[in-house]
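**Student:** My questions are about this predicted structure, shown below with the sequence.
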Amino acid sequence: MKSVYLALLHCDVVDKSGNEVVTSITNLDVHDISRSCTSFGVDGFFVVNPLSGQKEFLQRVLNFWETDFAREYNPDRVEALRVTEYAKNLKEVINKIIDRDSEYPIVVSTTAKRMDNQIEIETLRKMSDKPLLLLFGTGGGLSNQVHESADYILAPLQCGGKYNHLSVRSAVAIILDRLLSI
């Protein structure tokens, strides 16, 4: 693939009742998704949240992992977090990708729900001529508006049981493995 980017949205997401909300950034998501992104060679991981306090929280986490103490304590974690950055909204993410790759990315939203016109991971693997941006949602998932604005909606992961509610960290790791593994 040309370039692969990932965005974890904390806005333009819904709660369990379907209401649009803004969710909080969690340290665990930032660390685990950064590790998955770095492991699979993702070109950029954007943590998206419009709230200034949440931006400050993320910046404190990232700043710690740029210190001499952190480099000595856990150099692997320092390396993993280099791929991670903040964005206020999805438009900012897309503009950053355009600045880096000089073209608009193919935008693919993800969901645990069955929806019309979803594509399978095998189809997505064949799209290598443009940068790719994978969108993941927190809370109850991405809003319908995000899905409607995406170029494609990825079919949900098929789990063996009736329960289909993986953590976003797990879903990211599985999808990146299926998409980018040789």
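**Tutor:** Here it is on my side, so go on. Numbers count the residues shown, from 1 in each chain.

**Student:** all strands of this structure, in order?
**Tutor:** Under the criterion DSSP state E, strands of the chain are mapped to 4-9, 13-14, 20-21, 44-48, 84-87, 106-109, 118-119, 132-137, 152-154.

**Student:** Walk me through which strands the fourth one pairs with, and which way each runs.
**Tutor:** In its sheet, strand 44-48 lies beside strand 4-9 (parallel), strand 84-87 (parallel), with partners assigned from DSSP bridges.

**Student:** Now stretch 92-112: buried residues?
**Tutor:** Of the residues in stretch 92-112, those with enough neighbours to count as buried (16 or more other CB atoms under 10 Å) are 93-94, 96-97, 101, 105-111. Any C-beta I mention is one placed from the backbone N, CA and C, and that applies to glycine too.

**Student:** Out of the residues you listed, flag the one nearest to Thr26.
**Tutor:** Each of these was scored against Thr26 by CB to CB, and Thr110 proved nearest at 17.9 Å.

**Student:** Tell me the spacing between the closest one and Asp43.
**Tutor:** 18 Å (CB to CB, to the nearest Å).

**Student:** what do you get for Ile25?
**Tutor:** Relative to Asp43, Ile25 is positioned 21 Å away (CB to CB).

**Student:** Those two: which has the busier surroundings?
**Tutor:** Ile25 (20 against 17; other CB atoms under 10 Å).

**Student:** that older thread, out of the strands of the chain, flag the one nearest Tyr163.
**Tutor:** strand 132-137 (18.6 Å).

**Student:** ok, and what's touching that closest one?
**Tutor:** Strand 132-137 is contacted from outside by 1-9, 12-14, 90, 93-94, 97, 105-111, 124, 142-143, 146, 150, 154, 168, 171-172, 175, using CB atoms under 8 Å, 6 or more residues apart in numbering.

**Student:** Report how many residues lie close to Asn27.
**Tutor:** By other CB under 10 Å, neighbour count at Asn27 equals 11.

**Student:** Provide a complete list of residue ranges assigned to helices in this structure.
**Tutor:** Ranges of helices in the chain, per DSSP state H, are 27-39, 52-64, 68-73, 75-81, 90-101, 121-125, 144-149, 168-180.

**Student:** Look at the closest residue to Val22 other than its chain neighbours and say how many residues are nearby.
**Tutor:** Nearest-residue entry for Val22: Cys11, 4.8 Å, with adjacent residues in sequence omitted and distances by CB to CB, 6 or more residues apart in numbering. Here the number of neighbours of Cys11 (other CB under 10 Å) works out to 21.
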